[in-house]
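>>> below: sequence and its predicted model.
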Amino acid sequence: MSASAEAEVRAAAAGLVAAFGAHDTHRYFAAFAEDATFLFPTEPRFLTTRAAYEERWRAWEANGFRVLACRTRDTEVRVVGEGLAVLTHRVRTRLATKDAADGEELRERETVVFRRAPDGRWLVVHEHLSPEP
């Protein structure tokens, strides 16, 4: 795959992070394939669809959850074959919760797997967050 595929994945990831950081749920969830899977350190179960994640998101919001900001660094992209890419990066997220309305910062590492959709967009098919050591 070409350097342009890597640039496309980086652009897709930048859009994902921007939407997340702005708490723009419509744009954020549009970046995921319907069959995407999610593994989060705060969740006791593996989320096996975008719809399951959206359901959890709404439950978090009902408890005061709101993304205030998000930034990343140390981004690496590996394009695999003709339509798959793996992105890793460090993530700093500022969140508001019912216990911390002014926000708290999370420091995590993340792996995001992208698949090129038939329409040419790169969509997330797997996301895995872990606390940064």
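Alright, I've got the coordinates.
>>> chain center to the one helix or strand E105 maps to, what's the gap?
With elements taken from DSSP states H and E, the one containing E105 is strand 100-116. In terms of Cα atoms, centre = their mean, to the nearest Å, the centre of strand 100-116 is set 7 Å apart from its chain centre.
>>> okay, the angle between the next helix or strand after that strand and strand 100-116?
Sequence-wise, the next helix or strand beyond strand 100-116 is strand 122-131, with elements assigned using DSSP H and E. Regarding strand 122-131 and strand 100-116, their directions subtend 130 degrees when assessed with axes from the mean of the first three to the mean of the last three Cα atoms, to 10 degrees.
>>> so for the strand holding E105, what's the average pLDDT?
When the per-residue pLDDT values of strand 100-116 are averaged, the result is 92.
>>> show residues contacting it.
Contacts to strand 100-116, defined as Cβ atoms under 8 Å, 6 or more residues apart in numbering, come from residues 5, 9, 12-13, 16, 33, 41, 64, 68, 82-97, 122-132. All C-beta atoms are positioned from the backbone trio N, CA, C, and that covers glycine.
>>> repeat the analysis, applying 6 Å as the threshold.
Strand 100-116 is contacted from outside by 9, 68, 83-96, 122-132, using Cβ atoms under 6 Å, 6 or more residues apart in numbering.
>>> thinking R50 is in contact with D35, fair?
No. Checked against Cβ atoms under 6 Å, the pair R50 and D35 is beyond contact range at 7.5 Å.
>>> who's more crowded, these two?
When R50 and D35 are compared for neighbours, R50 comes out ahead with 21 against 13, by other Cβ atoms under 10 Å.
>>> look up phi and psi at that one.
Backbone geometry at R50, expressed as degrees, to the nearest 10, gives phi -60, psi -40.
>>> show me the contacts for it.
Residues near R50 by Cβ under 6 Å, 6+ apart: F32, E34, A36.
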